[in-house]
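> Got a predicted structure plus its sequence, pasted below:
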Amino acid sequence: MSATASLELVYRSDAALLVAYATHLARGQLLLDTTEKLASGANVQLRLVAPSTSIALQGVVARANGATPHPTEVGLTVTSRAETFGDAVDKLAFGFKGLKALVAASQAAPRALLIRYLRSIVTCEVIEIDQRRLAEPGAICNVDLGVVDLDSTGAAGYELYARLREHPEAGSAPVLAVAQLERDRVRAASLGFDEALSNPPAFADLQNSVLRALGKPLTVRAV
């Protein structure tokens, strides 16, 4: 039998763990981004931790990390769940009241498109950041997700991203960038944006990026 690894996955919010459940765990699967070396077939004990719950799972590595194009991505198949798993998920779902998303775009049309797409992907309250509000210190609050249109916001969009990262509560929230030019998307990725998409983004691409970013744990560590 392959050696057993023990991993703790810490999620930023209960909603993030709920998204992870809806996108992967409900189908008995889990994708992890980790530098911990996990061989194919290895047994893995998992503890998923969110602010209001902790869930124990067991799984086996279906796809090991180290391969391109995603060398740190591991694919797991869930083999067993704690008896309290269903109750924990029900509690998360019952307490879900929606997310708070920030959308920054100087022009009304692209901002409206992004907002319409986001509301079609996940229940959310949207904070709109237009040209006037870009530099306002009070424009940033504790949000679960940020989307920045770099084409319309320019340098101010990058500054807004930096302020989001420095925010004591919103700093760990995923932030997505949309930009027409590849060089701008590459720059956004190099600065730490969680995802960088074309502008305007295809709905399916934005949906995949939003769910992937929201459901990603803050940390994955061996215990």
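Cool, got the structure. Everything numeric here is computed off the predicted structure, so don't read it as measured data. Numbers count the residues shown, from 1 in each chain.

> quick one, helices of this structure?
Using DSSP state H, the helices of the chain run over 14-23, 85-95, 108-121, 150-153, 155-166, 182-191, 203-214.

> of all these, which lies closest to residue 174?
With respect to residue 174, and counting by CB to CB, the nearest of those is helix 203-214 at 3.6 Å. Heads up, the C-betas are built off the backbone N, CA and C, glycines and all.

> Hmm, residue 152 is touching residue 109, no?
No: Residue 152 is beyond contact range of residue 109, at 9.4 Å (criterion: CB atoms under 8 Å).

> Looking at those two, which is more packed in?
The neighbour count for residue 152 versus residue 109, taken as other CB atoms under 10 Å, is higher for residue 152 (22 against 10).

> And for the more buried one, nearest residue in space, chain neighbours not counted?
residue 106 (4.0 Å; CB to CB, 6 or more residues apart in numbering).

> quick one, the least confident helix or strand in the chain by mean pLDDT and helix 14-23 angle?
Within the chain, no helix or strand scores below strand 29-33, which has a mean of 88 by mean pLDDT, DSSP states H and E. With axes from the mean of the first three to the mean of the last three CA atoms, to 10 degrees applied, the angle from strand 29-33 to helix 14-23 works out at 130 degrees.

> related to what we said a few turns ago, how near is the residue nearest to residue 152 to residue 22?
Distance of residue 106 to residue 22, given as CB to CB, to the nearest Å: 33 Å.

> Also residue 93?
To residue 22, residue 93 is 9 Å away according to CB to CB.

> neighbour-wise, which of these two wins?
Taking neighbours as other CB under 10 Å, residue 93 and residue 22 compare with residue 22 leading, 17 against 12.

> Enumerate every residue touching the more buried one.
Contact analysis of residue 22 by CB atoms under 8 Å, 6 or more residues apart in numbering lists 211, 215.

> Repeat that for the one 10 residues further on.
With contacts taken as CB under 8 Å, 6+ apart, residue 32 has the following neighbours: 7, 9, 73-74, 76, 217, 220.

> Would you mind listing which of the residues you listed are buried?
Buried members of the contacts of residue 32, scored by 16 or more other CB atoms under 10 Å, are 7, 9, 74, 76, 217, 220.

> closest to residue 87 among those residues?
Residue 87 lies nearest to residue 9 out of these, by CB to CB, at 19.0 Å.

> In this structure that closest one contacts residue 47, no?
Yes: counting by CB under 8 Å, residue 47 is a contact partner of residue 9 at 7.1 Å.

> What residues does residue 36 make contact with?
5, 7, 65, 220-222.

> will you turn those into CSV that also has pLDDT and distance to residue 15?
Formatted as CSV, these follow (pLDDT from 0 to 100; distance: CB to CB, whole Å):
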residue, pLDDT, distance to residue 15
5, 90, 27
7, 94, 21
65, 78, 27
220, 92, 19
221, 91, 22
222, 90, 26
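
> Which of those sits closest to residue 205?
residue 65 (24.0 Å).

> Find the nearest non-adjacent residue to the closest one, please.
residue 74 is the one closest to residue 65 (CB to CB, 6+ apart), at 4.7 Å.

> what separates the one you found from residue 191, distance-wise?
Separation of residue 74 from residue 191 (CB to CB) stands at 26 Å.

> Repeat that for residue 35.
Distance of residue 35 to residue 191, computed by CB to CB: 21 Å.

> No more questions from me, cheers.
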